[in-house]
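K.L.:
Generate coordinates for the sequence data below:
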Amino acid sequence: MKKTIFLMLFCCLLTQGCTQREKQDSPLTTRREIMQQFLDGKDFENYVPTVFFMHFPASLGQEAVYYHVRHLNRTGVDLVKIQFEQQQPGFSPETAEDWQRIQPLPRDFYAPTLEVVKQVIDIVGQENMVLATVYSAFQTLRIQIGNDNVVRWAKEDPEQLLRALRIYNAALIDFVKDCKAAGIDGFFMPTQGGENMYNDLPGFFETFVCPFDLELMTECTTGTHCNILHICDWEGPYDDISAFAAYPGEIVNTPNVVGGKPFTPQDASKLFGRIVLGGLERQGIINKGTPQEVKAEVQRVLANRPHRYMLGAECTVDNRTDIENIRAAVHTAHGQ
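P.N.:
All right, here's what the predicted structure looks like:
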């Protein structure tokens, strides 16, 4: 208990100092205010909201809380996204009977992640919007059994996949409801399953991905006001992402390459008709360049940005990325 109280006091002091610095450069008092006005349609003359996400060395417990709050205060990003690392033990199903290892999850299965959510909200939520990441049922299953098994069983016995997806979606929806009860502002909603690797499986996306995504994302966006649809290309490229245009979310974060060609923020804005988050390559200048090079790249991106835009990368950046590079990107976008 003493450790928890000390951590909260330490993080609060950090947050207070950061907020005071923001006040000197903005007519608004908190990043929460900035984001709320931005979501309501306001564009700031010399301030582009900016976020960069990463996976931290610790995903649960007090260390996870510390890393999330530290990232906010070290970088000055405009909102907090809590990672979602709690997964099922992996296994390789060889027979239909093996699938019985997947059973309905206990109602409190995601309690450790929910505790991180609650503590981060308690520490920084008054002055910052806080989003919770929630992986899709498809991602949850693919992480557990591997992509080769997903493809195999989609061909041999699709009902086994569907049963598992229903189980995981039910647990994820419960987690989303618990996050909303805790006061979350919204969700970072990744989706996978539309990559090129599934193109030779007719109806794969329509059967195993889209219905579960929409059920979960509808729960995420009901009663919240800051949700990011993330079309994740971590596992592979896409020929086409137009099927995701019907997905909900006030903000969309897309791959930088679609169909083997550059897919720009302007392209994303035209397809999705909402706020676009992106512009930088997660393994590009932000990761490999100097702060000066990052500043120049951000200036180039901002000069060509669409209306209703947030600066960021197309996915999480490496947690070994020089923090000064992220600070340079944020400060440049904030007109500092």
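K.L.:
for residue 196, what are its contacts?
P.N.:
236-239 (Cβ atoms under 8 Å, 6 or more residues apart in numbering). The C-beta positions use only the backbone N, C-alpha and C, and glycine is treated the same way.
K.L.:
can you give me the strands for the stretch 101-250 of the chain?
P.N.:
130-133, 186-191, 228-231 (DSSP state E, counting those that start in this stretch).
K.L.:
Looking at these, which is nearest to residue 74?
P.N.:
Closest to residue 74 of the strands of the stretch 101-250 of the chain, according to Cβ to Cβ: strand 130-133, at 16.8 Å.
K.L.:
Show me where the chain has its helices.
P.N.:
Under the criterion DSSP state H, helices of the chain are mapped to 2-25, 31-39, 61-75, 111-124, 137-145, 147-156, 158-181, 204, 210-221, 265-272, 285-288, 291-303, 323-333.
K.L.:
Taking helix 158-181 as reference, get the angle to the fourth one.
P.N.:
Read it as helix 111-124. 30 degrees (axes from the mean of the first three to the mean of the last three Cα atoms, to 10 degrees).
K.L.:
which strands and helices sit next to helix 111-124?
P.N.:
When contacts are defined as 3 or more Cβ pairs under 8 Å, 6 or more residues apart in numbering; DSSP states H and E, helix 111-124 sits against helix 2-25, helix 61-75, strand 80-82, strand 130-133, helix 158-181.
K.L.:
how many neighbours does residue 291 have?
P.N.:
Using other Cβ atoms under 10 Å, residue 291 is surrounded by 16 other residues.
K.L.:
Confirm for me that it is in contact with residue 325.
P.N.:
Yes: assessed by Cβ atoms under 8 Å, residue 291 is found in contact with residue 325 at 5.7 Å.
K.L.:
a markdown table please, covering the strands of the stretch 101-250 of the chain and showing distance to residue 49 and mean pLDDT.
P.N.:
Below are the strands of the stretch 101-250 of the chain laid out as a markdown table (distance: least, Cβ to Cβ, whole Å; pLDDT from 0 to 100):
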| stretch | distance to residue 49 | mean pLDDT |
| --- | --- | --- |
| strand 130-133 | 13 | 98 |
| strand 186-191 | 14 | 98 |
| strand 228-231 | 12 | 98 |
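K.L.:
would JSON lines of the ones you listed with mean neighbour count and distance to residue 112 be doable?
P.N.:
Formatted as JSON lines, the strands of the stretch 101-250 of the chain follow (neighbours: other Cβ atoms under 10 Å; distance: least, Cβ to Cβ, whole Å):
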{"stretch": "strand 130-133", "mean neighbour count": "25", "distance to residue 112": "13"}
{"stretch": "strand 186-191", "mean neighbour count": "26", "distance to residue 112": "18"}
{"stretch": "strand 228-231", "mean neighbour count": "26", "distance to residue 112": "23"}
